[in-house]
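Engineer: have a look; sequence and predicted model below, questions after that.
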Amino acid sequence: MKEERDFIRQVKSAREDMQEADELIRTYMPFIKAETAKFLRRPVTEGQDDELSIAMIAFHEAICGYSPARGGFLKYASMLIGSRLIDYHRKEQRHRKAISLETPLGEEEDKSLGETLSDGKDHSEEMTVREATRKEIEELTAQMKDFGVSLTDVAENCPKQERTLGACRKALNYAKEHPEILEELLRTKRLPGTKLCKGSGVERKTMERHRKYMVALLLIHTNGYEIIRGHIKQVMKGVTER
């Protein structure tokens, strides 16, 4: 526990001092390389693989954006590195695809390759995103288990009415603005319902009825569940736009 506290202090210090941030990156370069190699599914070659630079930037981003409410730092950094590498590959694939599709088929051929294709989908990108999503769901499922909540519970406990979904969004926003709520959830493994209701103005009955859904919703915002969080954001956005 003391080592963990010391490490968190080290991360906070690195956030305010670029020299200490560089030192922390150098210390954890084996971890950064391992995460990059895991993504590439092959050893990393320094000076050749741009992905390693992306991973180092993501690690520094993790230093700047970390708080204990997000869970373990290295787990958070791992998720952030994976997310940024996925983003990088998406952009690279779109760029390569744009170049190849605009290339003429021959000197005397008017049509480009893109005009001859009936299916322009990038299946490798779909597979990458699908694998990353599967990994996030597995990690979230394992974390929720510590709170006595399963994916089935969340599905069954999900609000069916827009008004109730809006109330849950209101409670979520309050928790995001008050990290101590998320920290208490992680520390006690219990939803701080009374504080959430009092602070957000959501009825206690609504909070109790959708307790398991709220636990999952808050957990998603305590770690690097970037893909799942993006999906939730779109769902919540849809509620406010109606």
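Structural biologist: Structure received.
Engineer: buried residues, the helix or strand containing Leu165. List them.
Structural biologist: With secondary structure defined by DSSP states H and E, Leu165 is part of helix 162-177. Using 16 or more other Cβ atoms under 10 Å as the test for burial, helix 162-177 gives 164-172, 174-175. Quick note: C-beta positions are derived from backbone N, CA and C, even for glycine.
Engineer: which of the residues you listed sits closest to Glu131?
Structural biologist: For those, the closest approach to Glu131 (Cβ to Cβ) belongs to Leu172, at 27.4 Å.
Engineer: could you measure from the closest one over to Leu191?
Structural biologist: As judged by Cβ to Cβ, to the nearest Å, Leu172 and Leu191 stand 12 Å apart.
Engineer: what sits in contact with each of the two?
Structural biologist: 214, 218 (Cβ atoms under 8 Å, 6 or more residues apart in numbering).
Engineer: mind giving me the packing neighbours of the helix holding Leu165?
Structural biologist: On a contact count with 3 or more Cβ pairs under 8 Å, 6 or more residues apart in numbering; DSSP states H and E, helix 162-177 meets helix 179-188, helix 193-200, helix 204-209, helix 211-220, helix 226-241.
Engineer: deepest-packed of the ones you listed, please.
Structural biologist: Comparing those by mean neighbour count (mean count of other Cβ atoms under 10 Å), helix 211-220 comes out on top with a mean of 21.
Engineer: could you dump that one to PDB, C-alpha only?
Structural biologist: This file holds the C-alpha atoms of helix 211-220, laid out as PDB (Å, rounded to 0.1, in the frame of the first residue of the first chain):
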ATOM      1  CA  ARG A 211     -28.400   0.900  -8.600                       C
ATOM      2  CA  LYS A 212     -26.600  -1.800 -10.700                       C
ATOM      3  CA  TYR A 213     -26.800   0.200 -13.900                       C
ATOM      4  CA  MET A 214     -25.300   3.300 -12.000                       C
ATOM      5  CA  VAL A 215     -22.500   1.200 -10.600                       C
ATOM      6  CA  ALA A 216     -21.500   0.100 -14.100                       C
ATOM      7  CA  LEU A 217     -21.900   3.600 -15.500                       C
ATOM      8  CA  LEU A 218     -19.600   5.000 -12.800                       C
ATOM      9  CA  LEU A 219     -17.000   2.300 -13.100                       C
ATOM     10  CA  ILE A 220     -16.700   3.000 -16.900                       C
END
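Engineer: returning to that earlier point: just the closest of the buried residues of helix 162-177 to Glu226, please.
Structural biologist: Among the buried residues of helix 162-177, Leu172 lies closest to Glu226 (Cβ to Cβ), at 16.3 Å.
Engineer: any idea how far His60 is from that closest one?
Structural biologist: Between Leu172 and His60 the computed distance is 28 Å (Cβ to Cβ).
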